[in-house]
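Undergrad: Quick one, fold the following:
(5 chains, ligands or ions: 4)
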Amino acid sequence: MPAFVIRRLLQSVLVLGVMSLLVFAGVYAIGNPVDILIDPQAGQADIARAISALGLDRPLVEQYLIFLRQALAGDLGNSFVYNVPAIQLILERMPATLELALAATTLAVLLGIPLGLWAGLAPDSWQGKLIMSGSILGFSLPTFWVGLLLIMLFAVELGWLPASGRGPTTEFLGVQVSFLSWDGMRHLILPAINLALFKLSLIIRLTRAGTREALLQDYVKFARAKGLSNARVVGVHVLKNIMIPVVTVIGLEFGSVIAFAIVTESIFGWPGMGKLIIDSINVLDRPVIVAYLLVIVFLVILINLAVDIVYSLLDPRVRIGEAQA
Amino acid sequence: VAATAAELRIGLGADVTSLDPHFLNVAPNNNAAWQVYDALTHVDANARLIPGLAVSWRAVDSTTWEFKLRKDVKFHDGSAFSAEDVIFSLERPATLSASPGPFTGFVKPIVAKKIIDPWTLQLKTAAPYAMLPYDLNSIFIVSKKAASGASTEDFNSGKAAIGTGPYKLSRFARGDRIELARNDSYWGAQNGKLAPWDKVTLRILPADTARIAALLAGDVDAIENIPTADLTRLKANAKFRLEQKVSWRTLFLHLDQYRDHPPHLSDKSGKPLAKNPFKDVRVRMAMSKAINRRAIVERVMEGNAIEAGNLVSPPVFGHVAALKPETYDPKAAKDLLAEAGYPDGFALTLYAPNNRYVNDEQLAQTVAQMLARVGILTRVETLPASVYFGKARAGEFSFALLGWGSFSGDLALRALLATPNAAKGYGAWNWGHYSNPKADGLLEQGFATLDEKKREALAREAATLALKDVPVILLHHQLASWAMRKEIAYEARTDEYTFARDFRRR
Amino acid sequence: MTEPTLRVENLHTHFFTRQGVVKAVEDVSFSVAPGKILGLVGESGSGKSVTGYSIMGLVDPPGRRVAGRILLGGDDLCAMTSEQMRSVRGRRIAMIFQDPMMTLNPVLRIDTQMIEAIRAHTSVSRVVARERARDALAQVGISAPEERLLAYPHQFSGGMRQRVAIAIALLNKPELIIADEPTTALDVTIQAQILFEMQTLARDSGTALIWITHDLSVIAGLADEICVMYAGRIVEQGTVDAVLDAPLHPYTHGLIDSVPSRGRRGEPLRQIPGMAPSLLDPAQGCAFRERCSRADSACIDQPALSIPIAGRQLRCFHPMPSAAIA
Amino acid sequence: MRREQTPLQRIAADFGESRLALSGLALLALIVLAALFAPLISPQNPYDLAQLDVLDSRLPPGSRSGAGLTFWLGSDGQGRDILSGIFYGLRISLMVGVASTACAVIVGLSMGLCAAYFGGRTDSLIMRIVDIQLSFPSILIALILLALLGQGVGKTIFALIMVQWAYYARTVRGTALIERGKEYIEAATCLALPPARIVFRHLLPNCLPPLIVIATVQVAAAIALEATLSYLGIGVPITEPSLGLLIKNGFDYMLSGKYWISFFPGIALVLTIVSINLVADRLRDVLNPRLQQ
Amino acid sequence: MSTLPAPLLELRGVSKRFVRALDTAAKLAKLLGASAKEETVRAVDAVDLAVQAGEVVGLVGESGCGKSTLGRLAAGLLAPSVGTRLWRGEEIVLLPATAQRDVRLKIQMIFQDSYASLNPRMRVTDIVGEAPVVHGMIKQREQHEYATQMLAHVGLDASLLERFPHQFSGGQRARVGIARALAVKPEFLVCDEAVAALDVSIQAQVLNLFMQLREKFDLTYLFISHDMGVVQHVSDRVFVMYLGRVIENAPTAEIFARTNHPYTKALLAEVPRLDARKKSFVAIQGEIPSPLDPPHGCHFHPRCPQVMPRCRIDQPVLREIAPLHFSACHLNDAAPS
Ligand SMILES: Nc1ncnc2c1ncn2[C@@H]1O[C@H](COP(=O)(O)OP(=O)(O)OP(=O)(O)O)[C@@H](O)[C@H]1O
Ligand SMILES: Nc1ncnc2c1ncn2[C@@H]1O[C@H](COP(=O)(O)OP(=O)(O)OP(=O)(O)O)[C@@H](O)[C@H]1O
Ligand SMILES: [Mg+2]
Ligand SMILES: [Mg+2]
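TA: Numbers count the residues shown, from 1 in each chain, chains lettered A, B, ... in the order given. Ligands and ions are numbered 1, 2, ... in the order given. Next up, the predicted model:
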């Protein structure tokens, strides 16, 4: 376990090193926010002064070293355009994104596993085939396109649900969440469905494949031979084995759910981290970009750690700490 | 859900990054600040200067401006407003060094400040400077007491956000909304009547679809900056009202007139041209005649623009009514090209930003279509603004789209068409390096003239002189637009700002 | 003679696959008496496992029992509803599978897997069920059963897992245990331990045992009776001594001859030429015909089951002379 | 036993057994043909701005242009025929999908094989890079790369290669490690065959089936990702719209009732991805070694 | 006793250890006090094995005792951690590269899993003919004919040449594997459980084939099996392994007649035999210990019915207890020979 944590930490330090360097070099190559943001009437001297006030006139290496020194002291710098600590900005937006991602994942799991089980238990029935065809469709529809259609249909044509925004939030365990109030929930539904669709298909397919595979296993036959009821065979013996790949994939994909939230957030005007990062890229707000990457990497690592722990709980054969081949 | 009688919800089209009114000089932030603060001078719906916290101003001598301040004005915290607060506010921008878009430019000309009495203030400039009252329109007046030593966070939290404006800040949820409460002791109550809204929520909805959908779904009562695609439909919808007015932003194309071999310019087979065709006024004129501005206005902008014959739009100071938009005449354009020695045209690349102006990408493509019709093979390359402006300034383009908003014609001329001179601050955005010493002279004369009428005449003269050379290809003036529920009304503004206090119930 | 625990009569089990009907079990009949061990031998694919699954009612689709009766102490298993069948499985008949690595669910603890097997049939408390599980583990020679209950299958060696599987089979004191090649994957020394336990069990508790294997030598040491299967049919049946010492069917004879044994070191083994036929669209007549040295035109017909000697059954037109082996 | 059938024939025969997959394949074939012959079958060259007229913009399906052309699926904001736009857009989308996947496969394959065959430090080095890459969501990498690189078909392809190669490297390494442990590789070693021959003639072909499946799925994923990036405004250039960009350009008109600008390209995109996924799905079953015997 | 010629293949004191090393992270963790340790499997431990030309040597032992590893060491597929390999008395690693390759070709291996040992994507003609063509033994165009010939040797029809491995039955696949080995004209075959996966009737066919080929090509075999019956049937000499060590070796007749080591005795007693009817099985108790953590002293002592205190401490050495009969057991020291 310690070896495992250390391995992950080393890896993430590397990721961060590489990514921050890339971002630094990239942003440096493109330009600086002053060119975009300064009042057009300003003269060359004003521009130069503003650039140097932000320290953007120094050589790349020097800027990077300054950043490293401050980062090691726990300071990732202030956002150029918000003038507040970049990390604070990100953390402020994180609950919204996490809520969306969690809602989507929950939706995907709650629907995906039963549907996948159904399709796996009755692969030749029309329902099974329908579920599978549906999952291919869900797999194929680009997120942004579905988002548009959802807005078109449910917000504009039918007017059942709000088209965008987060709605009122309530405090829950110290964070602002929207799922506790009815209006907040209504705002959450469409984006969550939108974001869930791809993962839903993925989980359906995984579950189905897992079920079909498990059904062929001797241990399932042996469980039947013990005289267990069908419910127990499927609900315990099959399900527990399926959960292993499903949990792994859900965990590993959680990072990408958060990342894809960028698309959903921009369509539904959801005030999360994704929207922030796009804006920050547009104005070259480097501290925010770097802080965002840091947070994502940290989240991904945390999730991986959690996945590994859950994995070892679900699958006693796995011992945490062994290098995965 | 309809709003309660006293609540107004407005969908804003851009993110507000900070409520510190002196930190970042960008329109969305200023728009938010205008709800809470006042400046010494205000502008009316036509972008003309009117009194704000200063009731009057005059030039005492050629380098001294005197401002008479409004009495009995109270800050939101109840403290009285005085010249001390003005001095503090004028000095504060320079203390915020970490800004990529500082306000310092507006106070830079001021070399000395003098308080005559609590409601009289004198400001000295080094040289005669006519624009000072205009510049001071951009400096928000904050309470010295509340804002001393305050950080951006103090403003965002509302602690330091104490202004004299029509609304008090209740809550700022970054990236989501700004909640405001009416300032019941606002000095600017019109005819003794305060704005009808006790409470105003500014929802931040930068995505066009999100904003329009929010209006259609009734999430907000009004929105600004209507996507052109939805104008027709909104107009046809009896439940909503649309308000439009010509905005101060003009779109035009810069042409490289200083290099002999500008980049991205060649003959149609890709071989370099012998000389720079843009240096020939006939070519520039031909290109201008090739543009069907009416098609642009009707098709690309869906009526949300008017054809441009001036650098500034009609209501703006210095607009020359006599300068009409160039008429569309492809035949004449071809003839002119042939006359200039390019019967087969040539090839060029038109650069444009893709996230800066309304329909900028579409506009660039349409221009390319039209130039192609007269034989100028036009490729289009669009870039995000973050990349675009840096490259443009570095001279990487020879034919590029720019949009410009200005309070006055002479300011626009100075930035866009005056001979580049970094020391004087002339021609900072003159990407094509057009140069007309006579026009430059008129401009200089104008800026030293403190008489408004004379100054405007000089500005008009300079504009007429310069635009005769077709130094840029003018396209259109944008319209600013608002849409709202039928029951509300808003007087559309040239400066594109959305003032919550100006929404009225019908 | 006592009433047999299990009597299988004219069992047919077919797989209806896309390529055609696989007749995995054809007209199979046999019976086992309490406390007796019946050995079911045959080559790979001859239908031994499917016979076992047919008795358990666990033939996977597209397979189905198409005809026959399976009488367990007088109850016809073929006529039972699936719920009745479920209550028979594990309580009256238990089965042990070939591969000890695969029969236990890798993600469930041993105690879970044992307790659920008890509670599926008798409503006892967890505590009681647990005690019974522990006793069963001890019975199959697993030391420290209390701790072992908390382990997961992967923490056990193959031999131990197979013993756990046997313990599970014993939990409900079934009348019949079907053991499908349970020692094939194990080392000889471990195999011996398991054979020892099974033998003791049959002797002591009167449980009838069907032992499926392809290894004649195992049967020789263990079983009372033997059924030889070939291509889905039983071709010869009798007591172990009788069949091994004087095989009547040429196939049985060949099988015995191809086992390397002490007496004939270095000599070439007598081999059966060719290979086992496909059960998909089998040719008419005796399935062994192609590989049989004694076959002639008569073998184009399917031989019926005959009883050439008392207690023996045979499906052949040309039995070996009884002297051939002796 | 079917006689003398090559694995390819067997796969083809198995593949044909699913009607859904066959219709997917047929659809895909149609789409690919349409893309290949776009210049021949399109009424208009939508990339040639001189052929477009803004006066024809946003005409509903079935309208006629000023020049007498019929816009069967309507026209977009530039007066571009949507049908032609779809054909050409398919070209771009497919090209981006296929080219990026192909390059990523090649890079990933070489990396994966190297890692598996040489082992040791080479293996650790390559796999650490892969880990780093994979611990980062693909869309983020693409987003940042493109934000840094700027727009362009080539740049989009590059970004997608960067996003994808690591999957292949890891898959190939995994399969190659399993295959390398199999006895036929030992047998080849025993026969003193040169290492290069073992890698390329023995190891490589056996690592391909899972790769083919992933690659097919990834083509679809790459097309979708490109569309998403274009939607976010950082994919291909505006003058050469891919399907994603067509959708984006029409998106603003969705709410104003001019559905066709965005809807038809959307349908084309979805059909393309669905058909590829249908094929991939069946390939997965057919190539699955568990079901092979 | 006449002096024997140099054995065809000899392994001297070979050991094979598989080590799973710690990576940087694990080492760091260890520094921080976590319990990480390198895992070492002594799969083969100081084994001497000499095979005379023409001989068939049987190697038996339980699963995981290192038979396959020893077989791979013999075939040169694994390099020994310690010890040397000699071919006709010459140390192989010291030979020039081409000679080393020739030796490698002279020693071929037949694998247990005939399915996994054939490349599923190659046709039989390539499987059999590839190596001879690559090594220039035959021309490319002769490949088909050569492969036909090889198949004939193992009793397969030329019509099967164009098939793929999955189109064969188990027995046929085993034969293809043998034909592939024969194609490079080996002198020495290592057969690793080559018949274990086959049905008895097919097993008999393949065993007979081995014996025929031995005559025909003058082959030498190292025959690995866990089946005492099979080993007894084919081999001239038998090596018994337990947990990486050879604990007894002797000519076949000798070892079956005068079994010395308690483990071998137990092994023989457990083997089911056709002629042992209704026997009462009495088992050696206990499982085979893990090779990761073998018992001290004599590896067998935890299961040995005749265990003595010294067995827990001293490792018994292999001693000649009768002519050509070697055994590693402390009991032999106790009784005067
Ligand atoms: N699910 C199935 N679908 C089609 N055919 C099947 C199925 N299961 C078994 N069979 C066929 O039934 C026949 C008998 O199989 P069975 O498993 O009973 O053989 P076996 O005698 O147990 O062989 P082994 O010794 O290899 O276990 C085989 O030919 C097999 O191909
Ligand atoms: N490549 C390897 N890496 C690590 N350990 C190995 C490796 N190969 C073999 N071992 C270990 O070496 C020991 C001996 O293995 P080997 O395969 O030689 O046994 P065996 O006698 O052939 O067993 P079986 O009868 O099961 O084939 C086993 O414990 C095995 O786990
Ligand atoms: Mg079986
Ligand atoms: Mg082995």
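
Undergrad: Now name the helix or strand holding A:Arg205.
TA: Element membership for A:Arg205 (DSSP states H and E) is helix A:182-216.

Undergrad: Just the endpoints, please. Distance across stretch C:300-311?
TA: Distance across stretch C:300-311, first residue to last, is 27 Å (C-alpha to C-alpha, to the nearest Å).

Undergrad: Check which residues of it are buried.
TA: Applying a neighbour-count criterion of 16 or more other C-beta atoms under 10 Å in any protein chain shown, one finds C:Pro303 buried in stretch C:300-311. Just so you know, the C-beta spots here come from the backbone N, C-alpha and C atoms, and that holds for glycine as well.

Undergrad: Please state the offset of that stretch from the chain centre?
TA: 22 Å (C-alpha atoms, centre = their mean, to the nearest Å).

Undergrad: which stretches of chain B have low pLDDT?
TA: By pLDDT under 70, the low-scoring segments of chain B are B:1-5, B:190-192.

Undergrad: what does it put close to chain D?
TA: Residues of chain B lying close to chain D (C-beta under 8 Å from any C-beta of the partner chain) are B:208-209, B:212-213, B:216, B:227-230, B:232-233, B:292, B:295-296, B:299-300, B:354-355, B:361-362, B:364-366, B:368-370, B:372-373, B:377-384, B:387.

Undergrad: One more pass at 7 Å, please.
TA: Contacts of chain B with chain D, taken as C-beta under 7 Å from any C-beta of the partner chain, map to B:208-209, B:212-213, B:227, B:229-230, B:232-233, B:295, B:299-300, B:354-355, B:361-362, B:365-366, B:368-369, B:372-373, B:378, B:380-383, B:387.

Undergrad: Among the residues you listed, name the ones in helices.
TA: Counting by DSSP state H, the residues of chain B next to chain D place B:208-209, B:212-213, B:232-233, B:295, B:361-362, B:365-366, B:368-369, B:372-373, B:387 in helices.

Undergrad: Would you map the strands across the stretch 51-200 of chain C?
TA: C:63-72, C:75-76, C:93-96, C:176-180 (DSSP state E, counting those that start in this stretch).

Undergrad: returning to what we had before: who are the packing partners of the helix holding A:Arg205?
TA: Helices and strands touching helix A:182-216, by 3 or more C-beta pairs under 7 Å, 6 or more residues apart in numbering or on different chains; DSSP states H and E, are helix A:86-121, helix A:126-140, helix A:143-150, helix A:239-268.

Undergrad: for chain B, which residue is closest to the average position?
TA: The centroid of chain B falls nearest to B:Gly405 when counting by C-alpha atoms, centre = their mean (3.3 Å).

Undergrad: Just to check, it is in contact with B:Leu311?
TA: No - counting by C-beta atoms under 7 Å, B:Gly405 sits too far from B:Leu311 to count as a contact (10.7 Å).

Undergrad: List the pairing partners of the biggest strand by length in chain B within its sheet, with orientation.
TA: Ranked by residue count and defined by DSSP state E, the top strand of chain B is strand B:240-255. Next to strand B:240-255 in the sheet, as set by DSSP bridges, lie strand B:399-405 (antiparallel), strand B:472-485 (antiparallel).

Undergrad: Give me the residue at the spatial middle of chain A.
TA: The structure's chain A has its C-alpha centroid closest to A:Ile258; by C-alpha atoms, centre = their mean the separation is 1.6 Å.

Undergrad: That one and B:Pro206: what is the separation?
TA: 21 Å (C-beta to C-beta, to the nearest Å).

Undergrad: How about the contacts made by B:Val380?
TA: B:350, B:352, B:364-365, B:368, D:238-239 (C-beta atoms under 7 Å, 6 or more residues apart in numbering or on different chains).

Undergrad: quick one: which of those is nearest C:Leu170?
TA: Here the nearest of these to C:Leu170, counting by C-beta to C-beta, is D:Ile238; it sits at 75.8 Å.

Undergrad: That closest one and B:Glu381 touch, don't they?
TA: No - shown here, D:Ile238 and B:Glu381 do not form a contact pair, counting by C-beta under 7 Å, at 8.6 Å.

Undergrad: Between the two, which is the more surrounded one?
TA: A direct count of neighbours by other C-beta atoms under 10 Å in any protein chain shown for D:Ile238 and B:Glu381 places D:Ile238 higher, at 23 against 20.
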